[in-house]
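J.: Structure of the sequence below:
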Amino acid sequence: MNSANGRMICTTGMSTDRISVEVVYALPDEQKVVALDCARGTTIAQAIEQSGIVFLYPELAGRNHDAGVHGYRQRPDFVLSDHDRVEIYRPLLVPPTEARRLRARARKRIGK
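T.: Below is the predicted model:
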């Protein structure tokens, strides 16, 4: 549901205290940011669901969301605070150890 100021309103929880959070999903060429006004006590999983991002990006449907708050990975049941930024992480295309190996091979080929 949208409020008059353009923020989506979560209906999670029974508390009348409200918090403002953002749910973010970034692709290489696009970033989607959804601002929400939620009930105090809203979890990461609830905020992601309420944001509607899963419906905009079908690749997110039907999987556990690897997510964090302000760059720190958190569990889906992590309770959000006012002004938190929920970031939905994409799976790595190449594991970090393999990426280092590939960079080392490339440097070796060019003689560095």
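
J.: what distance separates the longest helix seen in the chain from the centre of its chain?
T.: In the chain, assigned by DSSP state H, the helix with the most residues is helix 96-110. A distance of 30 Å separates the centroid of the chain from that of helix 96-110, by C-alpha atoms, centre = their mean, to the nearest Å.

J.: how much space between the nearest residue to V94 once chain neighbours are set aside and V24?
T.: For V94, the nearest residue in space outside its immediate sequence neighbours is L102; the separation is 7.2 Å by C-beta to C-beta, 6 or more residues apart in numbering. Every C-beta, even on glycine, is put in place using the N, C-alpha and C of the backbone. Applying C-beta to C-beta, to the nearest Å, one obtains 28 Å for the distance of L102 from V24.

J.: The two - which one has more neighbours?
T.: Higher neighbour count among L102 and V24: V24, with 15 against 11, using other C-beta atoms under 10 Å.
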